[in-house]
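Engineer: Only the shape, not the letters, is given here:
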């Protein structure tokens, strides 16, 4: 295995690479391709090969993109500075910034109405699968939800669901990632209800408007950027009634 991790001054994210071949029975190629090691922590040590107890840890990185080429894998390493790119605090926006079912949202995803078991009937394309078992739910109920795989090669993984539509043969789930290459008929997943993060959906679908974590009455850019016009009310009243 070879590593290239150049050091730079400043707060920018440092990136490096690790190249090598799989030589461990504990790491399967499928696990890498399925993304099980995405975001894993990698430590780089300076070691005296003649006396391994003499060593010094040089850096700690996380794995980004992993590429497989000609029997060799290449993993991108990202320095801890990448955490500085994460959003801290809250943004004033119309959509809710909570994740459905988390502590800030408060929706109980353990309720039978909020989750369903589905069995794969066919793979339509890399992003869509035809499933059975969701006939008792409305079309679109699981759009923007999450599919938790319990049987099959993706067992233990969770994939975001973007679309949920009904066809005569069953229900079609559209995923944000390419699951088709790793799924086959008979695989089982549990799907949790989704939310498009709009106030109207939060109120109508979950009756959870009191916990909405967005700002649905914030004026849009069309209002903020428009010029004053004759007849506009400029008396300090609320922008949104």
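Structural biologist: Received it, and whenever you're ready, just let me know what you need. Keep in mind that what you see is a predicted model, and the values were worked out from it rather than measured. Numbering: from 1, shown residues only.
Engineer: Please identify the helix or strand for the spatially most central residue of the chain.
Structural biologist: By C-alpha atoms, centre = their mean, the chain has its centre lying nearest to residue 160, at 6.2 Å. Take DSSP states H and E as the rule and residue 160 turns out to sit in strand 158-167.
Engineer: which strands and helices sit next to that strand?
Structural biologist: strand 146-151, strand 170-175 (3 or more C-beta pairs under 8 Å, 6 or more residues apart in numbering; DSSP states H and E). The way it works is simple: take the backbone N, C-alpha and C, and place the C-beta from them, glycine included.
Engineer: Distance to residue 106 added to those strands, as TSV?
Structural biologist: Putting those into TSV (distance: least, C-beta to C-beta, whole Å) gives the following:
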stretch	distance to residue 106
strand 146-151	17
strand 170-175	25
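Engineer: what's the angle between the strand holding residue 160 and strand 170-175?
Structural biologist: Orientation check (axes from the mean of the first three to the mean of the last three C-alpha atoms, to 10 degrees): strand 158-167 against strand 170-175 gives 140 degrees.
Engineer: Run through who's touching strand 158-167.
Structural biologist: 130, 134, 139-149, 171-177, 179, 191, 194 (C-beta atoms under 8 Å, 6 or more residues apart in numbering).
Engineer: Partner strands of the strand of greatest length in the chain, with direction?
Structural biologist: Longest strand in the chain by number of residues (criterion: DSSP state E): strand 55-69. Next to strand 55-69 in the sheet, as set by DSSP bridges, lie strand 41-47 (antiparallel), strand 72-78 (antiparallel).
Engineer: Now find how far off-centre that strand is within its chain.
Structural biologist: Between the centre of strand 55-69 and the centre of its host chain there is 21 Å, according to C-alpha atoms, centre = their mean, to the nearest Å.
Engineer: Leaving out the residues flanking it, which one is nearest to residue 66?
Structural biologist: residue 75 (4.7 Å; C-beta to C-beta, 6 or more residues apart in numbering).
Engineer: Next up, the contacts around that neighbour.
Structural biologist: Per C-beta under 8 Å, 6+ apart, neighbours of residue 75: 17, 18, 19, 37, 42, 63, 64, 65, 66, 67.
Engineer: Go again with 10 Å.
Structural biologist: Listed by C-beta atoms under 10 Å, 6 or more residues apart in numbering, the contact set of residue 75 reads 1, 3, 16-20, 32, 37-38, 40, 42, 61, 63-67.
Engineer: I'd say residue 83 and residue 62 touch.
Structural biologist: Yes - at 9.2 Å, residue 83 and residue 62 qualify as touching, with contact defined as C-beta atoms under 10 Å.
Engineer: So the two - more neighbours on which side?
Structural biologist: Each of residue 83 and residue 62 has its neighbours counted (other C-beta atoms under 10 Å); residue 62 has more, 16 against 11.
Engineer: quick one: that one and residue 42, what's the gap?
Structural biologist: 7 Å (C-beta to C-beta, to the nearest Å).
Engineer: Return the helix or strand in the chain with minimum mean pLDDT.
Structural biologist: Within the chain, confidence by mean pLDDT, DSSP states H and E is lowest for strand 2-4 among all helices and strands, at a mean of 51.
Engineer: coming back round to it: just the buried ones from the contacts of residue 75, in PyMOL syntax?
Structural biologist: Here is the PyMOL command that selects the buried residues among the contacts of residue 75 (16 or more other C-beta atoms under 10 Å):
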select buried, resi 16+17+18+32+42+61+63+64+66
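Engineer: Alright, I will stop here.
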